[in-house]
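Trainee: Starting from these lines, generate the structure:
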Amino acid sequence: MWLWQERDHLAFDVGGCEPGFERFVNPAQFALDAQTLVRRAADLALENRARFIDLPSTTDVLTSQKPRPGYFWDNYHAGIAAGLTGDVSTARRRLDQVLAEDAFAPWMVRTQESTRQLHALAEDPEAFRDWATKATISCRQQLTLQTGGGDSGQRQLLEVNRTPKLPCSVRITPVVSRPS
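Mentor: Numbers count the residues shown, from 1 in each chain. Predicted coordinates:
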């Protein structure tokens, strides 16, 4: 989830639902299957921490991925990342692709309005970073995440994008109904 996109809910912008399904047979079997799933989730978290270690790495990953047709978030996030690293031509090219999409829903119209603003800011790295900092702070507040207290917004944006050790824990507790 990229915190520069103002929203009040969690989302999976990278990754998502892993394939597979584990059928419950009995508590012992399910506990083993759950442990395997947890290990896989932990491995994926570590892989993502390595891939998205800092803003330049994040930009490389996002801009190297081929955009999926009809899913303009790929271009939106790649454009923002490129803009934050000062790659004006890539930022504008990816943001242009967002603007070329047919905005058939109100959220798409709002995103394209934001994209127009970002497109105009791409030539001014400081203004672009200021926009991203404000968006990140707003998103963190909407999600009731820690916002850094007295730290400056600029420092907060860099920490959000560079900190590989975000708090993450997974606890799976199988609930078994016992016949009465």
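Trainee: Now do the residue nearest the centre of the chain, the pLDDT please.
Mentor: Closest residue to the average C-alpha location of the chain: M1 at 2.0 Å, with Cα atoms, centre = their mean. The model reports M1 with a pLDDT of 78.
Trainee: the helices in the chain, which residues?
Mentor: Using DSSP state H, the helices of the chain run over 27-51, 55-64, 73-84, 88-99, 106-121, 125-142, 153-162.
Trainee: okay, these in JSON lines with mean neighbour count, mean pLDDT and distance to P19 next?
Mentor: C-beta here means a position set from N, CA and C on the backbone, and glycine is covered the same way. Compiled in JSON lines, these are given as follows (neighbours: other Cβ atoms under 10 Å; pLDDT from 0 to 100; distance: least, Cβ to Cβ, whole Å):
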{"stretch": "helix 27-51", "mean neighbour count": "13", "mean pLDDT": "91", "distance to P19": "11"}
{"stretch": "helix 55-64", "mean neighbour count": "18", "mean pLDDT": "95", "distance to P19": "21"}
{"stretch": "helix 73-84", "mean neighbour count": "24", "mean pLDDT": "95", "distance to P19": "21"}
{"stretch": "helix 88-99", "mean neighbour count": "19", "mean pLDDT": "96", "distance to P19": "29"}
{"stretch": "helix 106-121", "mean neighbour count": "15", "mean pLDDT": "95", "distance to P19": "28"}
{"stretch": "helix 125-142", "mean neighbour count": "18", "mean pLDDT": "92", "distance to P19": "29"}
{"stretch": "helix 153-162", "mean neighbour count": "17", "mean pLDDT": "43", "distance to P19": "29"}
